[in-house]
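Visitor: Dropping the sequence and predicted coords here.
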Amino acid sequence: MTRREWLGGAAAGMLAALPFPAHAQRMVSVRDTGARGDGAALDTDAVNRAIAQVARAGGGTVTVPAGRYLCFSIRLMSHVTLMLAEGAVIEAADPARHPGHYDLPEERGDQLYQDFGHSHWANSLIWGDGLSDVAIVGAGRIEGTGLTRNGPGSRWRRQAGERPLSMRGMSDADVARLEPDEAAMRGIGNKAISLRDCTRVHIADVTIRKGGHFALLITGCCSVVLERLAIDTDRDGIDLDGVRDVRVENCRVNSPNDDAIVVKSSFALGRLVPSENVVIRGCTVLGFDLGTMLDGTRGTTLQFAPDRDRPTGRIKLGTESNGGYRNVLIERCRFEHSRGLALETVDGGAMEDVTARDLVMRDVTTAPIFVRIGDRRRGPPGTGIGRADRIRISDVEASGIDGRYPAILAGLPGQPIRDLALERIHLAFLGGGTAADAARRPEELAQAYPEPSMFGVPPAWGLWCRHVAGLRLDHVTMETAGPEARAPIVLQDTRDVRVAAVPFWERRLLLD
């Protein structure tokens with residue numbers, strides 16, 4: 001296929017808008033290297049030949065015309081753009097049905113402090129390590145039919161805080177189904193796209209359905225742009241781990257069973273690496289039934305995620321937080337039928353200079369806002385307690401909030417959240433708290449996995465703060481649709497509170 005034949009209409013415009021313009025100078029179609037695109041023949045080798053051919057020639061674009069390409073691991077290379085035309089589908093092959101397997105997990109020593117999924121990249125449908133100037137673009141689709149969402153947990157010896165408290169009632173057999181033995185994962189793929197230690201990455205316009213454990217795992221990369229992605233997946237959507245200078249913009253991510261867009265700083269690189277200078281802008285995160293964002297039906301039959309809490313979705317910092325986070329901006333985002341914003345540091349890292357603003361939340365399945373310092377310390381000896389400083393959350397409008405869970409700001413004794421502002425926020429709850437709920441004094445649970453449900457039902461229906469130093473409340477309003485026996489606001493071990501333009505009845509409770 002000639003360059004002129006492949007181009008035409010929308011494709012010509014896509015080529016003109018390549019994130020790396022130099023890649024337009026050389027084009028190779030996967031059809032030219034033997035791909036059939038019939039959904040039956042394995043096209044792995046043909047796609048990898050096209051990528052290698054372009055890379056050897058100094059870089060360019062590998063085009064994937066309309067068709068269904070059944071593949072095991074596709075190995076990206078530097079200076080290559082993979083362009084999926086409209087109507088092109090890369091389908092993850094299934095080792096149980098197709099002859100072949102995914103690339104084996106890398107041997108990188110004893111990975112103790114993060115789970116199997118975070119610790120390996122090669123066992124993916126599309127992956128790259130140590131690359132530069134690499135892109136995946138186009139109106140095509142990635143379908144993770146043959147990927148698994150499962151994988152072993154960490155091999156950390158302490159274990160407290162490894163799983164949410166909501167999973168306490170699960171049997172060993174239930175957990176084993178979600179976390180199979182590592183040996184069982186050999187040859188199995190559990191990520192759609194996985195990149196490690198890459199520089200200048202651009203992924204745009206692609207649709208991903210069923211991405212495995214991670215639809216996108218971006219670890220230790222810098223100068224990354226993810227934009228206009230549509231992801232409807234069975235576990236995590238976009239995971240950014242130990243990254244720098246990243247922009248996630250105008251993406252839609254539906255992930256009812258796990259988090260939608262997550263910033264982490266695990267020990268996967270074998271050293272402390274913060275995530276810093278991250279912008280998440282104009283995105284929508286959802287927790288509707290799998291596949292129903294893409295087909296438009298937005299189903300709500302799923303009542304509980306695998307952790308036995310309600311559907312997930314959401315934007316989160318955490319849980320893996322060894323290296324901490326700096327300079328994170330979350331703005332103009334929408335949460336639908338999902339958990340709310342979660343900002344967590346529990347593994348020793350510092351969470352500082354985080355801004356979240358212009359957020360709209362509808363049908364919030366747990367707390368609308370959850371800020372937590374914990375003492376899980378899943379890390380090597382010497383790992384300390386993390387800290388949370390200078391957090392600004394503003395211009396939030398949330399409705400249909402599960403009546404059990406207020407906004408929760410929870411530090412630790414002697415390690416409070418510091419300098420936190422809530423400004424121009426309106427929260428509408430469903431209500432239902434009882435007098436028994438109002439009398440509760442939740443345990444500290446310092447070592448527990450952080451989730452809003454970890455404390456049970458808190459004693460406030462609107463805002464519960466514990467161990468906070470330097471709290472500003474400005475134009476914070478709340479309402480409840482049902483009866484409530486709890487106070488709207490409860491502050492415990494919270495000092496240096498500044499209140500502006502809060503309704504009188506809330507102000508009175510704050511100052512009592």
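Guide: Great, that's in hand. Note that the structure is a prediction, hence the values are computed from the model and not measured.

Visitor: Tell me if I'm right that Arg332 and Gly282 touch.
Guide: Yes - in this structure, Arg332 is within contact of Gly282 by C-beta atoms under 8 Å, at 4.9 Å. Quick note: C-beta positions are derived from backbone N, CA and C, even for glycine.

Visitor: in this protein, what spans have low per-residue confidence?
Guide: The chain contains residues with pLDDT under 70 at 1-16, 157-170, 172, 175-179, 502, 504-512.

Visitor: next helix or strand past the longest strand seen in it?
Guide: Longest strand in the chain by number of residues, with DSSP state E as the criterion: strand 460-480. Moving toward the C-terminus from strand 460-480, the next helix or strand (DSSP states H and E) is strand 487-500.

Visitor: which SS class is Ala22?
Guide: helix (DSSP: H, G, I helix; E, B strand; the rest coil).

Visitor: Which residues are in contact with it?
Guide: Ala22 makes contact with Gly59, His79, according to C-beta atoms under 8 Å, 6 or more residues apart in numbering.

Visitor: Need the residues that contact the helix or strand where Arg247 lies.
Guide: In this assignment (DSSP H and E), Arg247 forms part of strand 244-249. Strand 244-249 has contacts (C-beta under 8 Å, 6+ apart) with 218, 221-228, 238, 240, 261, 275-283.

Visitor: mind listing what whichever helix or strand comes after that strand pairs with, with the direction of each?
Guide: Downstream of strand 244-249, the first helix or strand assigned by DSSP H and E is strand 252-254. Its sheet considered, strand 252-254 pairs with strand 230-232 (parallel), strand 284-286 (parallel) by DSSP bridges.

Visitor: Just say which of those strands is most tucked in.
Guide: strand 284-286 (a mean of 26; mean count of other C-beta atoms under 10 Å).

Visitor: any idea how far it is from the chain center?
Guide: Put simply, strand 284-286 sits 11 Å off its chain's centre (C-alpha atoms, centre = their mean, to the nearest Å).

Visitor: what about Val346, neighbour count?
Guide: Using other C-beta atoms under 10 Å as the criterion, Val346 is surrounded by 27 other residues.

Visitor: That should have said Arg314, apologies.
Guide: 27.

Visitor: quick one: the strand or helix carrying it to strand 244-249, angle?
Guide: Secondary structure assignment for Arg314, by DSSP H and E: strand 313-321. Strand 313-321 and strand 244-249 meet at an angle of 170 degrees, taking axes from the mean of the first three to the mean of the last three C-alpha atoms, to 10 degrees as the criterion.

Visitor: for strand 313-321, which positions count as buried?
Guide: By neighbour count with 16 or more other C-beta atoms under 10 Å, strand 313-321 contains the buried residues Gly313, Arg314, Ile315, Lys316, Leu317, Gly318, Thr319, Glu320, Ser321.

Visitor: Just checking: what are the partner strands of the helix or strand that it is followed by?
Guide: Toward the C-terminal end, the helix or strand that comes next after strand 313-321 (DSSP H and E) is strand 325-338. Applying DSSP bridges, strand 325-338 is found paired with strand 275-281 (parallel), strand 284-286 (parallel), strand 350-364 (parallel).

Visitor: okay, strand 325-338 in PDB with CA atoms only?
Guide: Taking C-alpha atoms only, strand 325-338 is exported to PDB below (Å, rounded to 0.1, in the frame of the first residue of the first chain):
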ATOM      1  CA  TYR A 325       3.600  13.600  44.800                       C
ATOM      2  CA  ARG A 326       4.400  17.200  44.000                       C
ATOM      3  CA  ASN A 327       2.600  19.800  42.000                       C
ATOM      4  CA  VAL A 328      -0.500  18.000  40.900                       C
ATOM      5  CA  LEU A 329      -3.400  19.900  39.300                       C
ATOM      6  CA  ILE A 330      -6.800  18.300  38.700                       C
ATOM      7  CA  GLU A 331      -9.300  20.600  37.100                       C
ATOM      8  CA  ARG A 332     -12.500  20.800  35.100                       C
ATOM      9  CA  CYS A 333     -13.200  17.100  35.600                       C
ATOM     10  CA  ARG A 334     -16.500  15.200  36.000                       C
ATOM     11  CA  PHE A 335     -17.300  12.200  38.300                       C
ATOM     12  CA  GLU A 336     -20.300  10.100  37.400                       C
ATOM     13  CA  HIS A 337     -21.700   7.100  39.400                       C
ATOM     14  CA  SER A 338     -18.300   6.800  41.000                       C
END
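
Visitor: From the chain's centroid, how far away is whichever helix or strand comes after that strand?
Guide: Scanning forward in sequence from strand 325-338 by DSSP H and E, the next helix or strand is strand 341-345. In terms of C-alpha atoms, centre = their mean, the centre of strand 341-345 is set 12 Å apart from its chain centre.

Visitor: quick one on the thing from earlier: helices or strands next to the strand holding Arg314 in the packing?
Guide: On a contact count with 3 or more C-beta pairs under 8 Å, 6 or more residues apart in numbering; DSSP states H and E, strand 313-321 meets strand 259-265, strand 284-286, strand 325-338, strand 341-345, strand 350-364.
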